[in-house]
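K.L.:
structure of the sequence below:
(one chain, ligands or ions: 1)
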Amino acid sequence: MTVMRKPVVAGNWKMYKCGDEAAMLAEAVARGASPLSPSVDTVICPPFPALVRVAGVLRSGSVALGAQNMHWENEGAYTGEVAPPMLVDAGCRYVILGHSERRTCFHETDQIVNRKTHAAMAAGLVPIVCVGETLEERETGKTRKVIETQVAGSLKGIGTDLSGIIVAYEPVWAIGTGLTATPEQAQEVHAFIRICLEKIDNRAAAQKTRILYGGSVKPANAGDLFRQPDIDGGLIGGAALDAETFLAVVKAAVV
Ligand code: 13P
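P.N.:
Numbers count the residues shown, from 1 in each chain. Reported below is the predicted structural model:
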């Protein structure tokens, strides 16, 4: 039986856009995404200081708000950190966790990502859990091993809640480089991630879990990627910073 999974396209604004610029971009995305909302879930993830302002712009509900990171504790003496309930209070429904930039620049391990994933779910947020291999790992034939370790480690103990999460496959070598995995390369890893999910939970839950591709997605390549059977949308960096370009990617996810 084929399971229908509603596609998701999430824009990761990284450390770009604040103030009026953020509000204007969010407004334009919301306007364009509104007629597409029955067929695709659109999410935008601005930097922390822009969340509350953007939440106000997204009040109509056609586009959901997400954050790019969070701490796993609900409060405490953690200077510079942001807690899950604070994101909920700001209007977030999603949170990106374990992005490769967090893993590389801020030393986040699978264990940390796992704590954050549990905390996000406890707070009622949908975690978008990122995994992906480096170029060296791909070239030395370690892709599957790396992905399996990251998926199992990041989702340890999630059990039957699995369909409440989103996994994003972002090959590190494809992020911000203009190099995209071919649709076949991406599909192969997505299908493998689904097998890893089956091992964690069960086949039915793995079939329901949405797996996004990220890494130099743009309007020109989005359609071919999103048509692959195990690719359920995208996590978009650079192309999410311009409303017209991002909306073209969102449209490409409409089946
Ligand atoms: P680019 O789309 O800029 O390659 O970034 C991908 C990404 O890291 C999204 O999280």
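
K.L.:
now for the host helix or strand of residue 145, which elements pack on it?
P.N.:
Using DSSP states H and E, residue 145 sits within helix 143-154. Contacts defined by 3 or more Cβ pairs under 8 Å, 6 or more residues apart in numbering; DSSP states H and E place helix 143-154 against helix 110-123, strand 126-131, helix 183-200. Heads up, the C-betas are built off the backbone N, CA and C, glycines and all.

K.L.:
by contact count, what packs against the first one?
P.N.:
When contacts are defined as 3+ Cβ pairs under 8 Å, 6+ apart, helix 110-123 sits against helix 84-90, strand 94-97, strand 126-131, helix 143-154.

K.L.:
need the ones you listed in CSV (columns: distance to the ligand and mean neighbour count).
P.N.:
Formatted as CSV, the helices and strands packed on helix 110-123 follow (distance: least, Cβ to the nearest ligand atom, whole Å; neighbours: other Cβ atoms under 10 Å):
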stretch, distance to the ligand, mean neighbour count
helix 84-90, 17, 18
strand 94-97, 7, 26
strand 126-131, 7, 26
helix 143-154, 15, 18
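
K.L.:
pLDDT score for the closest residue to residue 252 other than its chain neighbours?
P.N.:
Excluding its sequence neighbours, the residue lying closest to residue 252 (Cβ to Cβ, 6 or more residues apart in numbering) is residue 222, at 3.7 Å. With respect to pLDDT, residue 222 has a value of 98.

K.L.:
nearest residue to the closest residue to the ligand within the chain in space, please, no chain neighbours.
P.N.:
Relative to the ligand, the nearest point of the chain is residue 237 (2.2 Å; Cβ to the nearest ligand atom). Nearest residue to residue 237 in three dimensions, chain neighbours excluded: residue 12, at 5.4 Å (Cβ to Cβ, 6+ apart).

K.L.:
make JSON lines from the helices and strands packed on helix 143-154 and add mean pLDDT to it.
P.N.:
Converted to JSON lines, the helices and strands packed on helix 143-154 look like this (pLDDT from 0 to 100):
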{"stretch": "helix 110-123", "mean pLDDT": "97"}
{"stretch": "strand 126-131", "mean pLDDT": "98"}
{"stretch": "helix 183-200", "mean pLDDT": "95"}
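
K.L.:
okay, these, which one's buried deepest?
P.N.:
Comparing the helices and strands packed on helix 143-154 by mean neighbour count (mean count of other Cβ atoms under 10 Å), strand 126-131 comes out on top with a mean of 26.

K.L.:
run the angle between that strand and helix 110-123 for me.
P.N.:
For strand 126-131 against helix 110-123, the angle by axes from the mean of the first three to the mean of the last three Cα atoms, to 10 degrees is 170 degrees.

K.L.:
could you list the residues in contact with strand 126-131?
P.N.:
10, 43, 66, 93-100, 113, 116-117, 120-121, 147, 150-151, 154-155, 164-170, 193, 212, 214, 235 (Cβ atoms under 8 Å, 6 or more residues apart in numbering).

K.L.:
give the full set of residues in contact with residue 219.
P.N.:
Applying Cβ under 8 Å, 6+ apart, the residues near residue 219 are 239, 245, 248, 249, 252.

K.L.:
repeat the analysis, applying 7 Å as the threshold.
P.N.:
Going by Cβ atoms under 7 Å, 6 or more residues apart in numbering, residue 219 touches 245, 248, 249, 252.

K.L.:
thought the first one was touching residue 239?
P.N.:
Going back to what we said before, that points to residue 245. Yes. Judged on Cβ atoms under 7 Å, residue 245 makes contact with residue 239 at a distance of 4.9 Å.

K.L.:
among the two, which residue is more densely surrounded?
P.N.:
More crowded of residue 245 and residue 239, by other Cβ atoms under 10 Å: residue 239, with 19 against 16.

K.L.:
is the more buried one in a helix, a strand, or coil?
P.N.:
Using DSSP: H, G, I helix; E, B strand; the rest coil, the structure places residue 239 in helix.
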